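Enquirer: What follows is a predicted protein model with its sequence.
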Amino acid sequence: MNYGYAGTRELNEALGSRFVVITMPDISKENILRLLEEQFPGMGKNYRKEFAELFTALQKKCSNAEISGRLLDLRGLLDALRLMERGISPLVALDMGITNKSFEEFERQLVRDVFRSRISEKLTAAEIFR
């Protein structure tokens, strides 16, 4: 059960007693770096660091309630990076993988601002994956 996701609700006591609760901490920057190194060996080291920092910036905005949890999506980041591997522009890929998961224009703009503050519009996928 992922609390906070649309369509989820509290489990009744009888059903809830059949499960154990695992509380997952935020993924650390070091673990994001390891994940990116494993999943994207062709990505430049500096870019792995930049995308790890980008994700931790989203974590901070989420923990400060500036953006919703739906935009803190590690799978979305990985999907965006896979799109970049295939040649999609980094900012377009991030919009597709993360930004567009919000239905609020104000929230989408906040996230785009985070991306644009860290990633140049001139950056190409070919530069990230050499």
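Expert: Looks like it arrived, so ask away.
Enquirer: CA atoms for contacts and neighbours, from now on please.
Expert: Noted.
Enquirer: outside of the top helix by length along the chain, which residues touch it?
Expert: When the chain is parsed with DSSP state H, its longest helix is helix 45-63. Residues outside helix 45-63 that contact it (CA atoms under 8 Å, 6 or more residues apart in numbering) are 26, 28-29, 32-33, 36-37, 67-69, 71-72, 74, 77, 111, 114-115, 118, 128.
Enquirer: does the most far-flung residue of the chain relative to its centre count as helix, strand or coil?
Expert: What lies farthest from the middle of the chain is residue 14; by CA atoms, centre = their mean that is 34.7 Å. When classified by DSSP: H, G, I helix; E, B strand; the rest coil, residue 14 comes out as helix.
Enquirer: Tell me who's in contact with it.
Expert: Going by CA under 8 Å, 6+ apart, residue 14 touches no other residue.
Enquirer: circling back: write a PyMOL command that selects only the buried members of the contacts of helix 45-63.
Expert: To isolate the buried ones among the contacts of helix 45-63 in PyMOL, judged by 16 or more other CA atoms under 10 Å, type:
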select buried, resi 29+32+33+36+37+67+68+69+71+72+77+111+115+128
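Enquirer: sorry, back to before: now do the same for the residue farthest from the centre of the chain: its pLDDT.
Expert: pLDDT for residue 14: 87.
Enquirer: could you measure it against residue 61, distance?
Expert: Look at residue 14 and residue 61: by CA to CA, to the nearest Å, they are 36 Å apart.
Enquirer: For this protein, name the helix or strand with the lowest mean pLDDT.
Expert: For the chain, the helix or strand with the lowest mean confidence is helix 13-16, at a mean of 83 (criterion: mean pLDDT, DSSP states H and E).
Enquirer: Low-confidence stretches in this protein?
Expert: 1-8 (pLDDT under 70).
Enquirer: Mind doing that once more with 80?
Expert: By pLDDT under 80, the weakly predicted segments of the chain are 1-11, 16, 21, 23-24.
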